[in-house]
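Colleague: dropping the sequence and predicted coords here.
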2 protein chains.
Amino acid sequence: MKLSLAAELAVRGAVVLAQQYGKGPTTLADVCELRDLSREYLAKVFGLLARADLVTPIRGKNGGYVLARDPKEINLLQIIEAVEGPQYLNFCQYDPPKCDQVDTCKVHHIWTELQEIFENRLRSASLADCI
Amino acid sequence: MKLSLAAELAVRGAVVLAQQYGKGPTTLADVCELRDLSREYLAKVFGLLARADLVTPIRGKNGGYVLARDPKEINLLQIIEAVEGPQYLNFCQYDPPKCDQVDTCKVHHIWTELQEIFENRLRSASLADCI
């Protein structure tokens, strides 16, 4: 179980934009240099964040990317889900579950417990908390 | 972030063996029927669990698989790691970390917190707790 590379880059890139919030657009090249990221891949990842209305691409000579809103208003779960989709730690956490024994399975309760901790912790962490 | 299919099957299969503990070997066919699993794939997964000394294959006419020891002595983290390898929720949790900014990065602390919760919860859950 591991965060995808795309989500990893999304979090790192979003944290850079949070650090630059209010200072105008940051270019992909600058984001990549600050966090040692692959520019080509980050462009795709930022495209997904833009589609989820979490970052805004600014066109033109001094263009780049900005956060779509205040870093306090964006959390890590939103960033990760924009790239990976809804987070389900395992099959029994899907809605509906990909298992026919969730009503009786004791492992299911453990996954549900971890799923809630995981989601709540990432939801409670705003980008402002991460800079 | 999601548990792999192999680890999912490993947990389900190991729980069946825990339920059958002390009653002799259980065939792959029986495990699959009890938990609606793919027999071919489960054979590979049980091979990994056997290599990690968590289950024991019993050859012969009435053969099958048994847990290598009491269900109280095997935990979910061992089962998952036997199949997926060491669990690192993201790149900064690797040893050494796959990031050069763990000393200053605030997101790193959140991942470390979740990593510890995740490992401790799965380590504290024995197969005996899951039946």
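Modeller: Alright, I've got the coordinates. This is a predicted model, so every value here is computed, not measured.

Colleague: tally of neighbours for A:C32?
Modeller: By other C-beta atoms under 10 Å in any protein chain shown, 20 other residues sit near A:C32. From N, CA and C alone the C-beta is placed, and that goes for glycine too.

Colleague: do the same with A:K44
Modeller: Around A:K44 there are 12 residues (other C-beta under 10 Å).

Colleague: sticking with it, tell me its helix or strand.
Modeller: Applying DSSP states H and E as the criterion places A:K44 in helix A:39-51.

Colleague: the closest residue to A:K72 other than its chain neighbours: neighbouring residues, count only.
Modeller: For A:K72, ignoring the flanking residues on the chain, the nearest one in space by C-beta to C-beta, 6 or more residues apart in numbering or on different chains is A:A128 at 4.3 Å. A:A128 has 14 neighbours, counted by other C-beta under 10 Å.

Colleague: contacts only, for A:A128.
Modeller: A:A18, A:D70, A:P71, A:K72 (C-beta atoms under 8 Å, 6 or more residues apart in numbering or on different chains).

Colleague: which of those fall in strands?
Modeller: Using DSSP state E, the subset of these located in strands is empty.

Colleague: if we only consider those, which is nearest to B:C92?
Modeller: Among the contacts of A:A128, A:A18 lies closest to B:C92 (C-beta to C-beta), at 17.3 Å.

Colleague: how far out from the middle of the chain is the helix or strand hosting A:E116?
Modeller: Taking DSSP H and E as the criterion, A:E116 maps to helix A:106-124. In terms of C-alpha atoms, centre = their mean, to the nearest Å, the centre of helix A:106-124 is set 17 Å apart from its chain centre.

Colleague: what's the answer for stretch A:39-51, then?
Modeller: Relative to its chain's centre, stretch A:39-51 lies at 11 Å (C-alpha atoms, centre = their mean).

Colleague: now it: buried residues?
Modeller: Buried residues in stretch A:39-51, defined by neighbour count with 16 or more other C-beta atoms under 10 Å in any protein chain shown: A:L42, A:V45, A:F46, A:L48, A:L49.

Colleague: go on, stretch A:114-125?
Modeller: Residues of stretch A:114-125 classed as buried by neighbour count (16+ other C-beta under 10 Å): A:L114, A:Q115, A:I117, A:F118, A:E119, A:R121, A:L122, A:A125.

Colleague: nearest to A:K23, of those residues?
Modeller: Each of the buried residues of stretch A:114-125 was checked against A:K23 using C-beta to C-beta; the closest is A:A125, at 22.2 Å.

Colleague: enumerate the residues of chain A near chain B.
Modeller: Residues of chain A found near chain B (C-beta under 8 Å from any C-beta of the partner chain) are A:1-4, A:7-8, A:11-12, A:15, A:35-36, A:76, A:80, A:84, A:87-91, A:100-101, A:105-107, A:110, A:113-114, A:117-118, A:121-122, A:125, A:129-131.

Colleague: may I see the ChimeraX selection of the buried members of those residues?
Modeller: Listed next is the ChimeraX selection for buried residues among those, using 16+ other C-beta under 10 Å:
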select /A:1,2,3,7,8,11,12,15,35,76,80,84,87,88,89,90,91,105,107,110,114,117,118,121,122,125,129,130,131
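
Colleague: distance between the helix or strand bottoming out on mean pLDDT in chain A and the chain's centre?
Modeller: The helix or strand of chain A with the lowest confidence, counting by mean pLDDT, DSSP states H and E, is helix A:28-35 at a mean of 88. Centroid displacement of helix A:28-35 relative to its chain, using C-alpha atoms, centre = their mean, is 17 Å.

Colleague: before we move on, what about stretch A:72-86?
Modeller: Distance of stretch A:72-86 from its chain centroid, counting by C-alpha atoms, centre = their mean, is 4 Å.

Colleague: stretch A:92-108 now?
Modeller: Relative to its parent chain, stretch A:92-108 has a centroid offset of 26 Å by C-alpha atoms, centre = their mean.

Colleague: buried ones in it, by neighbour count?
Modeller: So, applying 16+ other C-beta under 10 Å, buried residues of stretch A:92-108: A:C92, A:Q93, A:P97, A:C99, A:V102, A:C105, A:V107, A:H108.
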